[in-house]
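> Sequence below, structure please.
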Amino acid sequence: MTAGSARTFIEGRIHFVASNTDAAHKALAEIQARYGQCEPEQAGVVVALGGDGFMLRTLHRLLPVNLPVYGMKIGNVGFLMNLYREDGLLERLSFANCVSLNPLRMNAVTEGGNESTALAINEVALLRQMNQAAHIRILVNDSVKVAKLICDGVLVATAAGSTAYNLSVQGPILPLGTEAVSLTPISPFRPRRWKGAVLPSSARIRFEILENYKRPVSATADAHEVRNVVSVDVFEDRDVTLKLMFDPEHSLEDRILDEQFL
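Purely as a prediction, here's the structure:
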């Protein structure tokens, strides 16, 4: 992941999108009336109005057009968002910093033999589907690292996602620009003292579900869920790049750094 300037933005080529709330729709109408609306195929930037969840959905939905996305939160500042302010938008876009992120790719195989692939900007998470704990074997670069993890689940988080679900289950915060991912167990029972690992972003991680018929597990890549998986492979997809824009005074790098002191 890299950061750079967004000063190549061309004025007037903005595609606005908004979350499905009254406040966001009202802001969308007002800001479109002032700055116009450009279709994604002709736009130079996307401005997303809403919260962090909407930002993630926008990034996924607009992958084919490969445009930078500048988020504005209606209300309090979201982690992936800038302050909402209608005035001076063109100037803010021209001076915004652009952060490039490579998402995780999840390749999952179900007990029925179906294969599913999806991208994750925050994390890939495996979770038990029933009351019984999951039994999961973990391999890194084809080498078994945990023969049997007894747990509620396990996840792999990017640096950008390390302050989300990963942090809530006691995973480490990874500074932006770190060429690493966090491998974090969720409510582990055995091995009792294993707290997870920080791995190079080039690592290929494989999860194999043990006793899958008795102890079913689902896998999610952000909001995309696959149930009854028997194996899940996770790796950073260097062929896909997502671009987020931030005001200099609200940089994503500083926010991730500050989270370590809260």
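> Contacts only, for L67.
H15, P40, A43, G44, V45, V46, K243 (Cβ atoms under 8 Å, 6 or more residues apart in numbering). Backbone N, C-alpha and C define where each C-beta goes, glycine included.
> Make a markdown table from these and add secondary structure and distance to F95 to it.
Supplementary listing: these in a markdown table, determined by DSSP: H, G, I helix; E, B strand; the rest coil; distance: Cβ to Cβ, whole Å:
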| residue | secondary structure | distance to F95 |
| --- | --- | --- |
| H15 | strand | 20 |
| P40 | coil | 23 |
| A43 | coil | 19 |
| G44 | coil | 15 |
| V45 | strand | 13 |
| V46 | strand | 17 |
| K243 | strand | 16 |
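> just the buried members of those residues?
H15, A43, G44, V45, V46, K243 (16 or more other Cβ atoms under 10 Å).
> between the residues you listed, which is nearest R192?
K243 (41.7 Å; Cβ to Cβ).
> Touching, the closest one and N97? I think so.
No - using Cβ atoms under 8 Å, K243 makes no contact with N97, being 10.6 Å away.
> What's the local residue count around the spatially closest residue to S202 that is not a sequence neighbour?
Distances taken as Cβ to Cβ, 6 or more residues apart in numbering place E236 nearest to S202, at 7.1 Å, with adjacent residues excluded. E236 is flanked by 23 other residues according to other Cβ atoms under 10 Å.
> now the one 5 residues further on
Neighbours of T241 under the rule other Cβ under 10 Å: 14.
> hang on, the earlier thing: just the contacts of L67 now: which is nearest L90?
Scanning these for proximity to L90, where the rule is Cβ to Cβ, the winner is V45, at 10.3 Å.
> looking at the sheet around that closest one, what are its partners?
V45 forms beta bridges with I14, as assigned by DSSP bridges.
> Can you give me the buried ones in stretch 245-254?
M245, F246, D247, S251, L252, E253.
> Straight-line length of it, end to end?
Terminal residues of stretch 245-254 lie 14 Å apart, using Cα to Cα, to the nearest Å.
> what does stretch 127-142 give?
Terminal-residue distance, stretch 127-142 (Cα to Cα): 22 Å.
> ok, and for it, which residues are buried?
L127, R128, A133, A134, H135, I136, R137, I138, L139, V140.
> could those residues be laid out in a markdown table, adding secondary structure?
As requested, those are exported to a markdown table (DSSP: H, G, I helix; E, B strand; the rest coil):
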| residue | secondary structure |
| --- | --- |
| L127 | strand |
| R128 | strand |
| A133 | coil |
| A134 | strand |
| H135 | strand |
| I136 | strand |
| R137 | strand |
| I138 | strand |
| L139 | strand |
| V140 | strand |
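> which of those residues lies closest to T178?
When these are compared against T178 (criterion: Cβ to Cβ), the nearest one is V140, at 17.3 Å.
> contacting residues around the closest one?
L183, A197, L199, A203, R204, I205, R206.
> What is the burial count for the fifth one?
This points to R204. R204 has 13 nearby residues by other Cβ under 10 Å.
> Tell me where the stretch 101-250 of the chain has strands.
104-110, 115-120, 123-128, 134-140, 143-151, 153-157, 180-186, 197-200, 205-210, 217-221, 224-226, 229-236, 242-246 (DSSP state E, counting those that start in this stretch).
> Quick one: the ones you listed as CSV, columns for mean pLDDT and distance to G171 too.
Putting the strands of the stretch 101-250 of the chain into CSV (pLDDT from 0 to 100; distance: least, Cβ to Cβ, whole Å) gives the following:
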stretch, mean pLDDT, distance to G171
strand 104-110, 98, 14
strand 115-120, 97, 15
strand 123-128, 98, 9
strand 134-140, 98, 15
strand 143-151, 98, 13
strand 153-157, 98, 6
strand 180-186, 97, 3
strand 197-200, 97, 9
strand 205-210, 98, 14
strand 217-221, 98, 16
strand 224-226, 96, 20
strand 229-236, 98, 15
strand 242-246, 93, 21
